[in-house]
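> got a predicted structure plus its sequence, pasted below:
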Amino acid sequence: MTQPTPAPEFGDRFTRRQVLRGALAGGAAIGAGGLLAACAGVQPGTGAIKGSPPTGDAKLKRGGVMSVGATGGSSADTLDAHIPVTDPDIMRNWNLYESLAVRSPDFASIDYLVAESIEPEHTGDASSWIVTIRDGIEFHNGKTVAPEDVIFSLQRIIDPKAPKTGASSIGYIDTKGLKQVGSRQLRIPLKSANAAFVDEIGQYFNAIVPIGYDPSKPVGTGAFMYESFTPGQQSVFKRFPNYWQHPKPYVDELTIIDFTDDTARVNALLGGQLQAIDNLPTAQIGEVIGYGGYKVLIAETGSWQPFTMRVDQPPFNDARVRQAMRLIVDRPQMVLQVLSGQGRIANDMYSPFDPAYNSSLPQRHADVEQAKSLLKQAGQEGLHVTLVTSPVFQGVVQCAEVFAQQALAAGVKVNLDQVNTSIFYGPQYLKWAFAQDFWATREYLPQVAQGSVPAAPFNECHWPPKNAQGTRFTKLINEATAELNTAKRTELLHEAEQIEYELGGYIIPYFSNQIDAYTGKMGGFVEAKSGFPLGNYWFKNVGYLA
């Protein structure tokens, strides 16, 4: 079985942090002060405040303007559909453009957008796919989307001379073989069969744009059209009257404003300058609720912030040491101290919403005595290790501090080496023996393709090991990747997951919640398990209450 096709190399502009693996620059806002949430009656996982009705099915009226506060942003902000970097960039992408299909906010199904369908060309064969474009869907310039536009978009994304963000997820497409096969259909051949193709092409940064696309005059199929853009400050969009999901969008104008300071963003919401904000810090949940007239949206996600152990470097090249480090972690304590209760314990495995997630694996609990025993067997009593940490995601550094304290009980001394993000994602990134990182919600196979096979672009654990179990893991992943039969694929993945559960290099203590806030005058916001704020940033679904 051949190895998965490696993705094109990225230039300096597209660091691991920038590509974000489908994640967000701001991430889920977590920090101190979670007791405020409990006192205020927040129900984690429901996204609701006690006594407040859900707004997803609210009666909405047409009209009005909406201003949203986005985390971060800089003078390097972009409108390019295929290279979103900052949180405001990503927010703009979801509203200006659309890909062929994306995961629904609840992560339970595929929402087809530009595409009407994406199906294997031949039954039981995942090596070639037929895309049928939605009938009559238009770009903002009035052009009807055609197969030639999809071909142009894919070639632009995978261009080896200037690969875009999505090149790491769909670089296995045979761009030379792309071909129109009908007035609304095209054939997409792959260099290697991939049953996860729909999930991997269905990312917000794989948007469809027209031939001749100019990022300075952006045109897409999204619910909102470009009006103005000032990098690092704000962008303004107007309602696209010919949007295919009539009567959406509801508001006439959308303004996205950059905020680098959390307090300023919250104050702008409470002062009425904004109607919604992403990434509400937990310390300010009580303030927002207590102010009156505002709501907090809390979504349980599959977002995870792991510790990464290189399985090819001592002391972590000994599986007993990796197992011991996992047994050191008191997961409930981490959820309480690091997330202020805004999350749930994990089991050192990612992709919890994948139907193939192996829930039969026993929940791992802290077991200091067993950890000591394993370290003794490995000749590593009194182990001293350096953990490289950085504020790459809210709560990560605090998580490192809690882990270091917990490790002392097992006789392990963890020396924290805190570096800034530019150093963390500099030349040493993917070389740290023991570090941390962050990922967003993904299905298992797309996640493995990004971080847990030899050819993965972000293989921070250098997994799998070069032994019989590692060879077996890679073989299982390759077979599952090509397998379209769900039952057979699940069987293969369960075995692969068990190998990674027992021998892997990740310590995954928890999954963090996504927390946002908005005015009670608006409705249409829904929880997004995907981890994208404010219901996948889909402001097409949002309007003022009738």
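Structure received. Everything quoted here is computed from the prediction, not taken from an experiment.

> continuing past the host helix or strand of V236, what's the next helix or strand?
Per DSSP states H and E, V236 falls inside strand 234-239. Scanning forward in sequence from strand 234-239 by DSSP H and E, the next helix or strand is strand 253-259.

> using CSV, list the CA coordinates for the following helix or strand past that next one.
The helix or strand immediately downstream of strand 253-259 is helix 262-270, counting by DSSP H and E. Presented in CSV, the C-alpha positions along helix 262-270 are these (Å, rounded to 0.1, in the frame of the first residue of the first chain):
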residue,chain,number,x,y,z
ASP,A,262,-10.9,41.4,24.6
THR,A,263,-12.2,44.1,26.9
ALA,A,264,-12.7,46.6,24.2
ARG,A,265,-14.6,44.1,22.1
VAL,A,266,-16.9,43.3,25.0
ASN,A,267,-17.4,47.0,25.8
ALA,A,268,-18.3,47.7,22.2
LEU,A,269,-21.0,45.0,22.3
LEU,A,270,-22.5,46.2,25.6
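
> for the helix or strand just after helix 262-270, the averaged confidence score.
Using DSSP H and E, the helix or strand that follows helix 262-270 in sequence is strand 276-277. For strand 276-277, mean pLDDT rounds to 98.

> each with direction, which strands does strand 276-277 pair with?
Strand 276-277 has its sheet partners listed here by DSSP bridges as strand 65-71 (parallel), strand 510-519 (antiparallel).

> what residues does it touch?
By C-beta atoms under 8 Å, 6 or more residues apart in numbering, the residues outside strand 276-277 that reach it are 66, 68-70, 259, 265-266, 268-269, 516-519, 522, 525, 534, 542. Heads up, the C-betas are built off the backbone N, CA and C, glycines and all.

> what's the first helix or strand after it?
Using DSSP H and E, the next helix or strand after strand 276-277 towards the C-terminus is helix 285-291.

> how far off centre is that following helix?
Taking C-alpha atoms, centre = their mean, to the nearest Å, one finds helix 285-291 lying 27 Å from the centre of the chain it belongs to.

> ok, now stretch 297-310?
9 Å.

> the closest residue to A70 other than its chain neighbours in helix, strand or coil?
In space, and not counting its chain neighbours, A70 is closest to P88: 4.1 Å by C-beta to C-beta, 6 or more residues apart in numbering. Taken by DSSP: H, G, I helix; E, B strand; the rest coil, the conformation at P88 corresponds to helix.

> kindly provide the distance from P88 to Y243.
22 Å (C-beta to C-beta, to the nearest Å).

> looking at the two, which has the bigger crowd around it?
A direct count of neighbours by other C-beta atoms under 10 Å for P88 and Y243 places P88 higher, at 30 against 20.

> right, and that one touches G73 too?
Yes: if you go by C-beta atoms under 8 Å, P88 and G73 touch, sitting 4.2 Å apart.

> now stretch 215-222: buried residues?
218-222 (16 or more other C-beta atoms under 10 Å).

> who's in contact with it?
With contacts defined as C-beta under 8 Å, 6+ apart, stretch 215-222 is touched by 78-81, 94-98, 113-114, 137-141, 145, 207-210, 213, 226, 240, 243-244, 540.

> ok, residues contacting the longest helix seen in the chain?
Looking across the chain with DSSP state H, the single longest helix is helix 486-503. Helix 486-503 is contacted from outside by 195, 311, 319, 322-323, 347-349, 355-358, 360-361, 444-445, 448, 452, 463-465, 469, 472-473, 476-477, 479-480, 483, 506, using C-beta under 8 Å, 6+ apart.
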